[in-house]
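> when you get a sec, could you give me coordinates for this:
(chains A and B)
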Amino acid sequence: MASAREQIRSLALSGDTFEQPAATMRELQLEAAREAFAAHRERIPLLRTRAEETGVREVTTLADLVPLLFSHTSYKSYPVSLITAGRWDRLLRWYTTVSALEPADVDVEGVRDIDEWTERITAAGHRPYITSGTSGKVSFLNCAESDLSFLHDILENLTCWPDPLPPKPTRHGYLLAPASGPMRSIDGFRWHAEVFALPGGTRLLTEDPLRVSELMSSALLRRRMAEGTATPQEISSFESVSAAREQELDAAVARIVDDIWEHRDEPLLIAGMNNQQFTLIQALRARGVQDGSLHPDTLVLSGGGNKGRALPDDYQQQLAAFYDGVRRVRSYGMTELQGSCLACEKGNYHVPPWVIPLVLDQEGETLLNPEHGVVEGRFAFLDVSLEGRWGGLISGDRVLVDFSECGCGRPGPAVLPDIQRYGDLGGDDKITCAATLDSYVRGMIHG
Amino acid sequence: MSRTTLDDHATAPVTVVHMIRGEVDHGTPVDLGRLTAPALDLDRLVWPRTEPGPAFHVPVAEIVDLLVETGEALKADRAGLLAEALERMAPVSPLPAEVLERAYAVLWRSFQRPGLYAQIDHELGGADVLDGWREVRLPDERVAAIRAFPPRLVHIIAGNAPGVAAMSVVRGALTKGVNLVKLPSNDLFTATAILRTMAAVAPGHPVVRSFSAAYWRGGDEVVESALFRPQFFDKLVAWGGEATIRSALKYVGPGFELVSFDPKTSISMIGREAFASEETLARAADAGAADATFFNQQACVASRFQFVEGSRDDADRYAALLCERLGTAREFSSAGGPRVAPELREEIDVLRSMAPDYRVWGGYDGTGLVIRSPEPVDFHPDGKIVDVVPVGALSEAVAHAGVATQTVGVYPDTRKAELRDALACAGVQRVVSLGRAGGMPPGLSHDGFYPLQRLMRWVNDE
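This next block holds a predicted model:
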């Protein structure tokens, strides 16, 4: 008999992934949670520490999982000085405390920068997906090879669920992304292009790989500014390099716009983060492309939050209007979980079976999951499919989750469309005279 | 459909009292979510420039007398105004009730005569320039006169330590000007209790009529864009809070100035002399703990990073003792404290598993936690957490002081002189004997300037 985790993973290929009866799923999920905890506790030091400290020896109810959840900051809890000082062995030790990776499996001898360090881990059969926040410090989320193949299964079988798209390479591909780089979105775009776009015909934003050191450059400069060692000339150069880079990207988007214009009546694959998608649709509109006029077999992938409020408040509506009538992947998710919660005909985001939603109070301490009905709280989850790291995480999102049957007729749980970040819901108006050095740096550099 | 909301455990709203020009506002309270407060009448929050402020011509001696009497009244709290404020404050303040109680019990200290005159004498050179025109001889032998003229001030005060309210009332009163105090949501009661006490001592006194204290949500443009104008006020006196300072900048312009008590952080430096004996080490650790726990580390003077001159083992010995001492109740701290926030806990858990490069003492229950690390940690230690970093020489630690560093506590005292110029050069504003970070003495500079001097409007007769 296959393990509970295997059974759940196999649901991605089953054709009725989101139709599993709720009660059966709950039992299977609990068993899978037990298996995942037992397996990861042995290999992930941070989880072991947490289990010892909180006294959780076994998972008997979902509430047992709550003290074992990590926050997204765990994956960027390394001291930046390890990178600035090139302490690659120490950085590896840090990484192995938050992932199911043995330090002995990775050779960091002769590593020169963070990109090479990332490559060495990849060479050992793992993939550290990176995510970047507004602070500039990046998270490293480990994936095992099996996690990557599972992700690939999800996209082949569930793209455009509830009306899955047949895996036929028939579209002109446009990826508003670099050629490669350790980001899940880049992998996702590339894989989609392999499955759904014409072979050899995909256009990229740039042929250069995305470099982690470039993503981190603002964090590194910020650190030097806080230390008082960055010079004004350095800060000014950083600004002009960033501006030049933005101009290059704008030019690249413009070339892609030209190409899309030529093929505007044919099926397309357009993939990009929301900010680039927004730039693109504005350019296409300026060229006279009407909202809702693209070929109905066009596939559009987008994503990414509105970090730093770079986009207008109604950008989602604008994207929806422009891409009206085409195939769009509509989902709620984050790099931290495998696949996403996919939108049904009613617009509710169905949580895939390998993700156990754990709705917590705002403090992230108490489990609020009801048997039935809607509950509001902080979105947390355990992704039981993950092999490369512990899949238990607390997010910064305030959500409403419906545990009853959805209006579409499928069982819950489903995340309702009204999703907000607690951070965007306004401060508490408390004023203190104590602060961090950040106050003196923030706002002075981009990124 | 059953629906659980986050407010199920919410307590009854807190009632906020407003003082308007020296009198309790009996206006109809409006519901502001977690609190109720009288509706704001913007017109009553300003003192028209067409007439002098009520206290513009009151002699300083009389103001000092009033403040001293207010101090006595605060000490006795006969009307129970402080007790009432304390009772309302306890459930909503991030500080434990015992710390608030002890802080309230010593509010009167800011109202002592020697301290008041120290401010007037050291910051303004004497009371004469407040009460009248001081003659000054110009280089060309002409005689001119200057006066520290009463200003019109809006104070946005910090709420992490009740003493801030007392300090603001004292400074505002000594200027003879008019003062509107904007209450912060983490201290909605102290300023009002002090002003009510002063009003009880001398009802209708011009100084009493020179003060208002009210709450509106910080950054509320409807209120702030109407009030923060040079037609009504000369200066915005803003404490801490990055968001506050950034939002205040919108209104700064010709005739409307910002006096900012910037958000700050503090550190300590422990010289190798601490390891001379068990006794000196214990003394240093106790002093280091006192500085780290000031208002349970909620204040800007509270030390968060402590640099120890010595080996990793020396630093460990100090750290272990320090951790023990963090859990001791002091005048301005409690034995317990807030539980360590989950995100910090996570970062520390990771460091814990990176021994021996990092080492951690203590738990997450709020009684105190110490991390020893090869370099300062990236996160902001908060809620009785100290990061101990070994250095070869204290001079190396100067690199970790910067423009955001307010106070540096040094052990032993004799090492201050060798460090103070370098620290000042890095941006530091106070170098103190370790253990003396809390409680700034009146009459010295604050955040790099003399507040009373900066609050006045300096007018010339040439």
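> contacting residues for the residue of the stretch 101-250 of chain A found nearest chain B?
Nearest residue of the stretch 101-250 of chain A to chain B, counting by C-beta to the nearest C-beta: A:G228, 5.4 Å away. Yep, even glycine has a C-beta here, placed from its N, CA and C like the rest. A:G228 makes contact with B:402-403, B:426-427, according to C-beta atoms under 8 Å, 6 or more residues apart in numbering or on different chains.
> backbone torsions only: list them for it.
Here is the backbone geometry of A:G228 (degrees, to the nearest 10): phi 80, psi 20.
> next one: A:S139
In terms of degrees, to the nearest 10, the main-chain angles of A:S139 are phi -90, psi 150.
> what's the neighbour count on it?
By other C-beta atoms under 10 Å in any protein chain shown, 20 other residues sit near A:S139.
> which stretches of the stretch 101-250 of chain A have low pLDDT?
A:133-136 (pLDDT under 70).
> go again using 80 as the cut-off
The model of the stretch 101-250 of chain A has pLDDT under 80 over residues A:132-136, A:218-219, A:223, A:226-228.
> same question for the stretch 151-300 of chain B.
If you take pLDDT under 80 as the line, the stretch 151-300 of chain B has these spans: B:241-242.
> around chain A, pick out the residues from it.
Residues of the stretch 151-300 of chain B lying close to chain A (C-beta under 8 Å from any C-beta of the partner chain) are B:156-161, B:164, B:184-186, B:217-219, B:239-244, B:246, B:261-265, B:297-300.
> show the buried residues in those residues.
The neighbour count (16 or more other C-beta atoms under 10 Å in any protein chain shown) marks B:156-161, B:164, B:184-186, B:218-219, B:239-242, B:244, B:261-265, B:297-300 as buried among those.
> which ones among these map onto strands?
In this view, these that belong to strands under DSSP state E are B:156, B:239, B:261, B:265.
> what about stretch A:245-257, distance to the chain center?
24 Å (C-alpha atoms, centre = their mean, to the nearest Å).
> ok, stretch A:292-306 next?
Taking C-alpha atoms, centre = their mean, one finds stretch A:292-306 lying 18 Å from the centre of the chain it belongs to.
> give me the residues contacting that stretch.
With contacts defined as C-beta under 8 Å, 6+ apart, stretch A:292-306 is touched by A:159-160, A:165, A:170-171, A:185, A:188-189, A:192, A:196, A:264-275, A:277, A:315, A:319, A:321-329, A:331, A:333, A:421.
> ok, now stretch B:22-31?
With C-beta under 8 Å, 6+ apart as the test, stretch B:22-31 has contacts from B:13, B:15, B:17-19, B:36-39, B:41, B:195-196, B:199, B:203-205, B:208-212, B:214.
> and it, what's buried?
Buried residues in stretch B:22-31, counted by 16+ other C-beta under 10 Å: B:22-23, B:25, B:29.
> could you dump those to CSV with pLDDT and distance to A:R285?
Shown next, in CSV, are the buried residues of stretch B:22-31 (pLDDT from 0 to 100; distance: C-beta to C-beta, whole Å):
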residue, pLDDT, distance to A:R285
B:G22, 96, 61
B:E23, 96, 60
B:D25, 94, 54
B:P29, 91, 51
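> what about these, which are in helices?
Residues of the buried residues of stretch B:22-31 located in helices (DSSP state H): none.
> between those, which is closest to chain A?
Using C-beta to the nearest C-beta, the buried residues of stretch B:22-31 come closest to chain A at B:P29, 17.9 Å.
> what's the distance between that closest one and B:I157?
Look at B:P29 and B:I157: by C-beta to C-beta, to the nearest Å, they are 22 Å apart.
> same deal with B:G115?
Separation of B:G115 from B:I157 (C-beta to C-beta) stands at 19 Å.
> can you give me the strands for the stretch 1-150 of chain A?
Secondary structure of the stretch 1-150 of chain A, counting by DSSP state E, counting those that start in this stretch: strands at A:70-71, A:126-132, A:138-144.
> what's opposite B:V388 in the beta bridge?
On the basis of DSSP bridges, B:V388 is bridged to B:Q306, B:R372.
> confirm B:V237 sits in a strand?
Yes. Applying DSSP: H, G, I helix; E, B strand; the rest coil, one finds B:V237 inside a strand.
> how many other residues sit next to it?
Residues near B:V237, counting by other C-beta under 10 Å, number 26.
> who in the stretch 251-400 of chain A is up against chain B?
A:361-365, A:368, A:370, A:372-377, A:394.
> can you tell me how far the residue lying closest to A:S10 once chain neighbours are set aside is from A:A32?
Once flanking residues are discounted, A:S10 sits nearest to A:A2: 7.2 Å by C-beta to C-beta, 6 or more residues apart in numbering or on different chains. Taking C-beta to C-beta as the criterion, A:A2 is separated from A:A32 by 11 Å.
> one more: A:D113?
A:D113 is 39 Å from A:A32, by C-beta to C-beta.
> narrow the contacts of stretch B:22-31 to those in strands?
Taking DSSP E, the ones among the contacts of stretch B:22-31 that sit in strands are B:15, B:19, B:36-38, B:211-212, B:214.
> out of A:A2 and A:A32, which sits in the busier spot?
With neighbours defined as other C-beta under 10 Å, A:A2 and A:A32 compare such that A:A32 has more, 25 against 9.
> could you list every residue that touches that one?
A:A32 neighbours (C-beta under 8 Å, 6+ apart): A:3-5, A:7-8, A:354, A:384.
> the residue of the stretch 251-400 of chain A found nearest chain B: neighbour count?
Using C-beta to the nearest C-beta, the closest approach of the stretch 251-400 of chain A to chain B is made by A:G373 at 3.6 Å. If you count neighbours by other C-beta under 10 Å, A:G373 ends up with 14.
> ok, the one 4 residues further on next?
Using other C-beta under 10 Å, the number of residues around A:G377 comes to 24.
> next one: phi and psi at it?
The phi and psi values for A:G377, taken as degrees, to the nearest 10, are phi 170, psi -170.
> show me the contacts for it.
Contacts of A:G377 (C-beta under 8 Å, 6+ apart): A:359-362, A:368, A:398-399, A:401, B:4, B:6.
> of the contacts of stretch B:22-31, grab the buried ones for PyMOL.
Of the contacts of stretch B:22-31, the buried ones can be selected in PyMOL as follows, counting by 16+ other C-beta under 10 Å:
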select buried, chain B and resi 17+18+19+37+38+195+196+199+205+208+209+210+211+212+214
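> center of chain A, which residue is that?
Most central in chain A under C-alpha atoms, centre = their mean is A:T335, positioned 2.0 Å from the mean C-alpha point.
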